[in-house]
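Trainee: Here's my sequence, what's the structure:
(chains A and B)
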Amino acid sequence: MVGNFLRSSALAIVLASGTAGGAFAADPSLDLVAPLAEYKIYVAENTAKLVEDTKAFTDAVKAGDVEKAKSLFAPTRTSYEKIEPIAELFSDLDVSMDARADDYEKAEEDPAFTGFHRIEYGLWEKNSTEGLAEYADRLMSDVTTLNQRITDLTFPPEVVVGGAAVLMEEVAATKISGEEDRYSRTDLWDFDANFAGAQKIYELLRPLIAENEAEFVTKVDGNFKDVADVLGKYRTPEGGFVSYEELSDADRNVLSTKVNTLAEDLSTLRGKLGLG
Amino acid sequence: MKIAMIAAAALAVAGLGTFYAATRQNQQATQGQTSDRTVSISATACEPNEITVPGGRRSFEIVNNSDRPIEWEILNGVLVVAERENIAPGFRVTLAAQLQPGEYQMTCGLLSNPRGTLTVTASDEAAAEASEVTLRKFLGPLSEYRVYLILQGKAALTAAEALQGAIASGNLDEARAAWIAARLPYRRIEPLAYRISDIENNIDPRAAYLEGREADPAFIGYHRIEYGLFDQNSLDGLAPVADRLVADLTLLQDRLKAMPLDPALLASLPGDMATQIAEGQIPQGENAYARNDLYELEASLDGIGKLTDLLRGVLAPVDPALEQEIGKDLDDLRAQLAGLKGPEGYPPYDQVSDAQKTALTEGLTRLSAALGRMQPLIGMN
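Mentor: Numbers count the residues shown, from 1 in each chain, chains lettered A, B, ... in the order given. You can find the predicted model right below:
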């Protein structure tokens, strides 16, 4: 925790000095329009997929098929984890769908604890679908609402451009500890989707800065590649990931370092693109 | 090396503190600066739990007095306006946000804790920020319109392919239904599509404008197919026309994607389309053979409405009265059109009375005039 705090202090100074050095664009450019539109289409494709996958997942839960539900849990979540950079645009649904037990006073027993992780708790800790039908219905209703809302929503540019760093910070601060999927240990699936989602934003914006920020893009490209290489070691032949418990301490440290650096670097994107 | 760089940066910060205070740093950490308000988070609540600040750029010092890491957010409905994550127990951080007048909520530690209230009052600073029209405020609307063009352009192509398939399969009724459906996405993007005149002349020419009328070799596209399906009651010769339409719509999609959008263009599109429909399509009718004009008018209003709604977001803080007026003009038009719809749907256009047509023209002209008054107000220097 202290480490994180110090990191964000240093980050603030780096950001401020960037402003003084005149490295930041004064005004945003119309060149942002195409990548912002492209990103919204990416999100819309993912929420459409989420609706489809969540239907199969919640159907399995409601049919009492524990094994099938378990097998669909992680792959269903990936399309949600990919769009997490902009979760602050639908904070109510994010809480309802993806909050952890320790966000609540009574933890797992708290009646407000719902969503993916409540179902995960039942499937893995209790090895049962008993009592999960209401959570399944609510999750299905939430993803349907989300999909509709995305269609109607104009994305604020600063949320999109800033979103990559916000998500990397969250991974660095909390997810890396393995808190997200604590019952199923499917955290690596989420990491992979989180990196893909943050990298999507970066890749769309990259052409706007590549020429003037050659050093920066080389560094960020390298860090995304290093993360992909580490995660690649833990892929299964079926296209998924092994349990988070199998992640070696050395690799966890690499991931932790890289994600912290990515968070810091990506947090300068807004300034570089005149959206500071 | 890194330490030296940070130290140098820190010195620069110290020397230029006042400069930074004036620099725009949305939602970034600003340690060491004086904040407007301090909020302490205990295990169960924010202290104070109700805060009032004047609108503008405000900073908050958040003190975590609980025994677990917390995040602190300012919420506007479901939207997070500003947040700091992972504030460690015992630590304090500063958060700055640009706030417009209104009622906001603050999260206070655990999700099960009651939320605090943040009231932002009107101020000269907030009013100045809101009424300033910048390129930045157009980025969201421009991107959203681009998404609309891409998605509706794709839908137009898919629907034309369905029409092509129905014609190829030799089923006249199916082809008629497919033609009516195929026009709708095209009409939604027509405000921009019609400006790409070379493609427009191949997609949407009308016989009335061609020397040889229906027999003119340049009579191709949607209306040539319409003529075959609804006037000649035949599929003869339509297959190559449908193939060409699909090819032209593919081209249109690429051209729309390559078209640079800017604020002035966006602001001109809905009013121009409304004028064109009011002056040309309503009095004369557009679909001489199928007579499904009112269905298409509904799709045109979707397209005009999408643009208008995006622009209203920019206009609202500049001229709220005009923004309301435009909204009302659009609602009135939609209500007027809905009034023409019976249990069987819309009547054929030759059964629409002159008085009804005049009323539609007036509604569209009123909207167009209001949009015309909007343009200079949100034009940027």
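Trainee: Tell me how many other residues surround A:E238.
Mentor: For A:E238, the neighbour count with other C-beta atoms under 10 Å in any protein chain shown is 8. Any C-beta I mention is one placed from the backbone N, CA and C, and that applies to glycine too.
Trainee: Would you mind measuring from it to B:Y209?
Mentor: 61 Å (C-beta to C-beta, to the nearest Å).
Trainee: Looks like A:K62 contacts A:A136 (just checking).
Mentor: Yes. Under the criterion of C-beta atoms under 8 Å, A:K62 makes contact with A:A136 at 5.3 Å.
Trainee: Next one: B:L235 from chain A, what distance?
Mentor: Taking C-beta to the nearest C-beta, to the nearest Å as the measure, B:L235 falls 35 Å from chain A.
Trainee: isn't that residue right next to B:S169, touching?
Mentor: No. Using C-beta under 8 Å, B:L235 is not in contact with B:S169; the gap is 9.4 Å.
Trainee: More neighbours: those two, which one.
Mentor: B:L235 (19 against 10).
Trainee: Spatially, which residue comes closest to the residue nearest the centre of chain B, not counting chain neighbours?
Mentor: With distances taken as C-alpha atoms, centre = their mean, B:L310 lies nearest the centre of chain B, 3.8 Å away. Nearest residue to B:L310 in three dimensions, chain neighbours excluded: B:P141, at 3.8 Å (C-beta to C-beta, 6 or more residues apart in numbering or on different chains).
Trainee: residues from the stretch 51-200 of chain A in reach of chain B?
Mentor: A:88-93, A:95, A:99, A:102-106, A:110, A:112, A:154-158, A:162, A:166, A:169-170, A:173-174 (C-beta under 8 Å from any C-beta of the partner chain).
Trainee: out of the residues you listed, which are buried?
Mentor: Among those, the ones that count as buried by 16 or more other C-beta atoms under 10 Å in any protein chain shown are A:88-91, A:93, A:95, A:99, A:103-105, A:110, A:154-158, A:162, A:166, A:169-170, A:173-174.
Trainee: So which of those belong to helices?
Mentor: A:91, A:93, A:95, A:157-158, A:162, A:166, A:169-170, A:173 (DSSP state H).
Trainee: Which segments of chain B make up each domain?
Mentor: B:1-32+B:264-381, B:33-130, B:133-261 (automatic domain parsing).
Trainee: what distance separates the second one from the centre of its chain?
Mentor: Averaging C-alpha positions (C-alpha atoms, centre = their mean, to the nearest Å) puts domain B:33-130 30 Å from its chain's average.
Trainee: Does it reach chain A?
Mentor: Yes. Domain B:33-130 lies within reach of chain A by C-beta under 8 Å from any C-beta, at B:68-69, B:73, B:75, B:78-80, B:83, B:85-86, B:88-89, B:91, B:93, B:110-113.
Trainee: Among those, name the ones in helices.
Mentor: Among the residues of domain B:33-130 next to chain A, no member is found in helices (DSSP H).
Trainee: Report the contact partners of the nearest residue to B:D293 once chain neighbours are set aside.
Mentor: Distances taken as C-beta to C-beta, 6+ apart place B:Y349 nearest to B:D293, at 3.9 Å, with adjacent residues excluded. Contact analysis of B:Y349 by C-beta atoms under 8 Å, 6 or more residues apart in numbering or on different chains lists B:285, B:287, B:291-294.
Trainee: if we go to 7 Å?
Mentor: Neighbouring residues of B:Y349 by C-beta atoms under 7 Å, 6 or more residues apart in numbering or on different chains: B:285, B:291, B:293-294.
Trainee: Ok, B:G327 next?
Mentor: Going by C-beta under 7 Å, 6+ apart, B:G327 touches B:R312.
Trainee: Where does pLDDT dip in the stretch 151-276 of chain A?
Mentor: Applying pLDDT under 70 to the stretch 151-276 of chain A flags no residue at all.
Trainee: need the helices for it, in chain order.
Mentor: A:157-173, A:187-209, A:214-232, A:249-266, A:269-272 (DSSP state H, counting those that start in this stretch).
Trainee: do the stretch 201-350 of chain B as well
Mentor: B:222-226, B:238-258, B:263-276, B:282-284, B:293-315, B:320-339.
Trainee: now the angle from the fifth one to helix B:263-276?
Mentor: Following axes from the mean of the first three to the mean of the last three C-alpha atoms, to 10 degrees, one obtains 150 degrees for the angle between helix B:293-315 and helix B:263-276.
Trainee: in helix B:293-315, what counts as buried?
Mentor: B:293-312, B:314-315.
Trainee: ditto for the shortest one
Mentor: Along helix B:282-284, the positions that meet the burial threshold by neighbour count (16+ other C-beta under 10 Å) are B:I282.
Trainee: Just name whatever secondary elements that helix is in contact with.
Mentor: Where contact means 3 or more C-beta pairs under 7 Å, 6 or more residues apart in numbering or on different chains; DSSP states H and E, helix B:282-284 is packed against helix B:354-378.
Trainee: Quick one: mean pLDDT for the helix it packs on?
Mentor: In this model, helix B:354-378 has a mean pLDDT of 96.
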